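A.B. asks: Any chance you can model this:
(chains A and B)
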Amino acid sequence: MLTLVGIELFKVFRKWRTYIGFIAIGVLVPIIHIAMVYEGKNTIDFMTRNIQQSFVFVGNLLNTYLISYIVLTSLTVHIPFLITLVAGDLLAGEATAGTYRLMLTRPVTREKFVTAKFIAGVIYTNLLILWLALMSLAVGYFIFGVGELLIIRGDMVIIFEQKDVLWRFLGAYGYASLGMTVVASLAYLFSSLVENAIGPIVSTMAVIIVFVIISAINVELLQSIRPYLFTNYISSWQLFFDNPLDVEEILKSIGILILHIVLFFGATLIIFKRKDILT
Amino acid sequence: MDSKNEELVIEIRNLSKYFNELKAVDNLNINVFRGDVFGFLGPNGAGKSTTIRMLLTLIKPTKGSIKIFGKDLFRDRLSILKNVGAIVEKPDFYGYLSAYKNLEILGKISGHEISNKRIMEVLELVGLSDRYKSKVKTFSHGMKQRLGIAQALLHDPDLIILDEPTTGLDPMGMKEIRELIIHLSRDQKKTVFLSSHILNEVEQVANRMIIINKGTAKVEGNVKDLLDATNLSVTVEVSDVLKAGSLISESGWSEKLKGISGNRMEFNIGNQETAQLNKFFVENGVDVYSIVPTRSLEEYFLRITQEAI
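C.D. replies: Okay, here's the model as predicted:
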């Protein structure tokens, strides 16, 4: 199994498309930082406009934590696209290239083949989130330094002490990795159904966008199905920035994300095991 | 080249594969013995590749059974595939990797320890050792086909399944592959299951063969018997078909006459009789423009091939 995972990782990281996500984050995050050098003060003024008359803000509010928090909010739509680029290609790419015939005529079970590919996809996903974390926190640290984290939650302004922030980010990035693994699992499931990587990428993004729209529309009927949409839980990394921390809610969300991963991966296994390789 | 012994390497029984209404393979029975070069012949779309995909567990049969090395293929898949090397249809590889890396990956999952030396050996065997570092996407179709053969032989399997292995090769390349198949069978005692749509190709290397069309077996047996020269059919083109016809009807040749079309007369005769017939026409003042021998099997194969088109 380890050999297979090694082979799949080798294949993933020898493809140009794998680096698109890393390059995109490597370019995008510094751009956000540079923009915040010029516009950061206005952003903080805008965030605190309703309470400026009541409170005086002192200290370094424009810091790496604030910017990392803003970057993390892109998780719902933008980062999933980068995940699907690779996860959607894992199986469909083999079908397109006709290389199923090479791999599956060897003494390797289909279950192991699918699992090894999935593990490679999960490793890619987690490395991408790790890269996002490193870029967000490290670049911001060198430009802005650290400080208190100020966030707006509805009508509330929450300010975390500097020493109370880093562990929350570690938790949030860990949670984000799990959320993105759900996206990877869905793209992987679609990838097992078709013979072209474009289909899984488009389908996964379509599902995410539709779910996000349904969640955002404030109609009772749509709100009632919101708890059943996995996208609702992907953005729950924000729970790590609640004060006090709602551990029960975090564990529930983690459980739901894991359940989705198991369901999507299980379906992929069943589909692929029965699949006739015709490409 | 008769079957070397009676040990069955491939045993296909009542094999069928339906894709909805389409019967791609229908009730196929095949026996391949150890040491055979078994020709699996049929026109395009006859069901050859579907059968080969079932032999390699890429496709599940609708019904029927396959035994390889005496074991049920779908129950003992892993142990069987350790000893099988194959090319299935066109040779596809990871184009972004070198020829060497492709083989290295396949070696790692072959169930055997494959050394770097062995990888270079098979690349040498197929004439690609000087391009081992080149990415496969830079290879021509013929080079990919050679690499396909290299990967099939990499783990030194007992059974080699080759699906149209000479497609895309130049005449010299085709000859080399034929020689390689003969070498594998004769010198290395491998069993080769060779699929082709070219009768001539199978005839040159196989000892036994089957012809399938529309998923069903049409002819099966020893290649030598099936292609025996005594089954020859000869088409003779003459200058004066009326005179020739009259001469034939007054002679013993009339029994051998199969039919007349234009100024062509078709006879069921062997090699020796062809020379006598030619002499008969010339001595009786009928010029012979051409004599074209057609074996009945070849004729039959051509007919089903054309039907398939």
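A.B. asks: Three-state assignment for the closest residue to chain A within the stretch 1-150 of chain B, please.
C.D. replies: Chain A sits closest to residue B:92 of the stretch 1-150 of chain B, with a gap of 3.2 Å, by CB to the nearest CB. Bear in mind the C-beta positions are built from the backbone N, C-alpha and C, glycine included. Following DSSP: H, G, I helix; E, B strand; the rest coil, the label given to residue B:92 is coil.
A.B. asks: From residue B:155, how far out is it?
C.D. replies: Distance, residue B:92 to residue B:155, using CB to CB, to the nearest Å: 19 Å.
A.B. asks: what helix or strand is residue A:101 on?
C.D. replies: helix A:100-103 (DSSP states H and E).
A.B. asks: Determine how far that helix lies from the middle of the whole chain.
C.D. replies: Computed by CA atoms, centre = their mean, to the nearest Å, the separation of helix A:100-103 from the middle of its chain amounts to 31 Å.
A.B. asks: Could you pull out the buried residues of the helix or strand just after it?
C.D. replies: Next along the chain after helix A:100-103, taking DSSP H and E as the criterion, comes helix A:110-134. For helix A:110-134, a neighbour-count test (16 or more other CB atoms under 10 Å in any protein chain shown) marks A:110, A:113-129, A:132-133 as buried.
A.B. asks: mind listing the strands for chain B?
C.D. replies: For chain B, applying DSSP state E gives strands covering B:8-19, B:22-33, B:37-41, B:63-68, B:71-72, B:84-87, B:159-163, B:191-196, B:208-213, B:216-222, B:232-238, B:257-261, B:264-268, B:288-295.
A.B. asks: Most tightly packed of the ones you listed?
C.D. replies: Looking across the strands of chain B with neighbours counted as mean count of other CB atoms under 10 Å in any protein chain shown, the highest average goes to strand B:37-41: a mean of 27.
A.B. asks: average pLDDT for it?
C.D. replies: In this model, strand B:37-41 has an average pLDDT of 91.
A.B. asks: From the rest of the structure, what touches that strand?
C.D. replies: With contacts defined as CB atoms under 8 Å, 6 or more residues apart in numbering or on different chains, strand B:37-41 is touched by B:1, B:10, B:30, B:32, B:48, B:51-52, B:181-182, B:185, B:191-197, B:199, B:202-203, B:205-212, B:223, B:301.
A.B. asks: ok, what's across the strand from the closest residue to residue B:294 other than its chain neighbours?
C.D. replies: In space, and not counting its chain neighbours, residue B:294 is closest to residue B:233: 4.8 Å by CB to CB, 6 or more residues apart in numbering or on different chains. Beta bridges link residue B:233 to residue B:268, residue B:294, judged by DSSP bridges.
A.B. asks: Isn't residue B:233 up against residue B:265?
C.D. replies: No: between residue B:233 and residue B:265 there is no contact under CB atoms under 8 Å: 11.3 Å.
A.B. asks: Residue A:216 and residue A:229: what is the separation?
C.D. replies: Distance of residue A:216 to residue A:229, computed by CB to CB: 11 Å.
A.B. asks: More neighbours: these two, which one.
C.D. replies: residue A:229 (17 against 9; other CB atoms under 10 Å in any protein chain shown).
A.B. asks: Could you give the backbone dihedrals for the more buried one?
C.D. replies: phi -100, psi 130 (degrees, to the nearest 10).
A.B. asks: so it makes contact with residue A:217?
C.D. replies: No: with contact defined as CB under 8 Å, residue A:229 does not reach residue A:217; the gap is 11.9 Å.
A.B. asks: excluding its backbone neighbours, what's nearest the residue in the stretch 151-279 of chain A that chain B sits nearest to?
C.D. replies: Residue nearest to chain B within the stretch 151-279 of chain A: residue A:277 (3.9 Å; CB to the nearest CB). Closest residue to residue A:277 apart from its sequence neighbours, by CB to CB, 6+ apart: residue B:58 at 3.9 Å.
A.B. asks: burial of the one you found, as a residue count?
C.D. replies: Using other CB under 10 Å: residue B:58 sits among 21 other residues.
A.B. asks: which residues sit in contact with it?
C.D. replies: With contacts defined as CB under 8 Å, 6+ apart, residue B:58 is in contact with A:100-101, A:104-105, A:276-277, B:88.
A.B. asks: Apply 10 Å and report the result again.
C.D. replies: By CB atoms under 10 Å, 6 or more residues apart in numbering or on different chains, residue B:58 lies in contact with A:100-101, A:104-105, A:275-279, B:49-50, B:52, B:86, B:88.
A.B. asks: Which one, of the strands of chain B, ends up nearest to residue A:170?
C.D. replies: strand B:84-87 (49.4 Å; CB to CB).
A.B. asks: quick one on the thing from earlier: now list whatever residues contact both of residue A:216 and residue A:229.
C.D. replies: Common neighbours of residue A:216 and residue A:229 (CB under 10 Å, 6+ apart) are residue A:222.
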